[in-house]
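K.L.:
okay, sequence plus prediction incoming.
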Amino acid sequence: MAARTLAVACALFLGSCSIVANSAPADTTRAFCKIVWLFGLPCDQVNMAIVTQIKAMGSYKLGPVTAASVQANHTSAVGQIESVNFSMASTAMGLGCHVEGSSVSALWYSLLDNGTNYCNLHNVVQGSGLAKAPGFVEFTNEWLCLGVGLSACK
């Protein structure tokens, strides 16, 4: 059992390194958030959980969905629209899924959004139950996710 746990942890870690190393630079003219998650679940289950949760949330409008990505738009309480995207790929040994989530505000003057873009992503993952999935890990910081330290997600 310990060997399997170690193998899953290594695969998840290697998967996260490849996402962070291969990601495009963030758009710094608008408020944005980028998060990398690791899940000890197959990507098809992660994809299904994200799609189901987005459909259940009234402030989100589901866009194109493929096996490797989910796109949506979120409308905030003040009517601002944010583009929300989830890209997923199996980890190195196929034992888990690494997901890159991004949320970007449509308006250039929304740089200080008090963590709205973080909450757009966080609320989907929390609401779907994926935050309680085996192997769940979340990676982000203020450089990748403006306002994450100020966020108060509901």
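P.N.:
That came through, no problem.
K.L.:
ends of stretch 134-143, what's the gap?
P.N.:
Start and end residues of stretch 134-143 are separated by 27 Å (CA to CA, to the nearest Å).
K.L.:
any weak-confidence spans in this structure?
P.N.:
Along the chain, the parts satisfying pLDDT under 70 run over 1-30, 108-113.
K.L.:
mind jotting down where the helices sit in it?
P.N.:
For the chain, applying DSSP state H gives helices covering 2-22, 43-56, 116-128.
K.L.:
centre-most residue in the protein?
P.N.:
Taking CA atoms, centre = their mean as the criterion, Gly101 is the residue nearest the geometric centre of the chain, at 2.9 Å.
K.L.:
burial measure for the spatially closest residue to Lys34 that is not a sequence neighbour, as a count.
P.N.:
In space, and not counting its chain neighbours, Lys34 is closest to Leu144: 4.4 Å by CB to CB, 6 or more residues apart in numbering. For every residue, glycine as well, the C-beta is placed using N, CA and C. By the other CB atoms under 10 Å criterion, the neighbourhood of Leu144 contains 18 residues.
K.L.:
quick check, Leu144 in contact with Ile35.
P.N.:
Yes. Under the criterion of CB atoms under 8 Å, Leu144 lies in contact with Ile35, with a separation of 7.2 Å.
K.L.:
list the contacts of the residue nearest to the centre of the chain.
P.N.:
33-37, 84-87, 121, 124-125 (CB atoms under 8 Å, 6 or more residues apart in numbering).
K.L.:
dump the residues you listed to JSON lines, plus distance to Leu95 and neighbour count.
P.N.:
Listed next are those as JSON lines, based on distance: CB to CB, whole Å; neighbours: other CB atoms under 10 Å:
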{"residue": "Cys33", "distance to Leu95": "27", "neighbour count": "28"}
{"residue": "Lys34", "distance to Leu95": "24", "neighbour count": "26"}
{"residue": "Ile35", "distance to Leu95": "21", "neighbour count": "22"}
{"residue": "Val36", "distance to Leu95": "17", "neighbour count": "19"}
{"residue": "Trp37", "distance to Leu95": "15", "neighbour count": "26"}
{"residue": "Val84", "distance to Leu95": "27", "neighbour count": "26"}
{"residue": "Asn85", "distance to Leu95": "24", "neighbour count": "18"}
{"residue": "Phe86", "distance to Leu95": "20", "neighbour count": "25"}
{"residue": "Ser87", "distance to Leu95": "19", "neighbour count": "16"}
{"residue": "Leu121", "distance to Leu95": "24", "neighbour count": "26"}
{"residue": "Val124", "distance to Leu95": "23", "neighbour count": "25"}
{"residue": "Val125", "distance to Leu95": "20", "neighbour count": "24"}
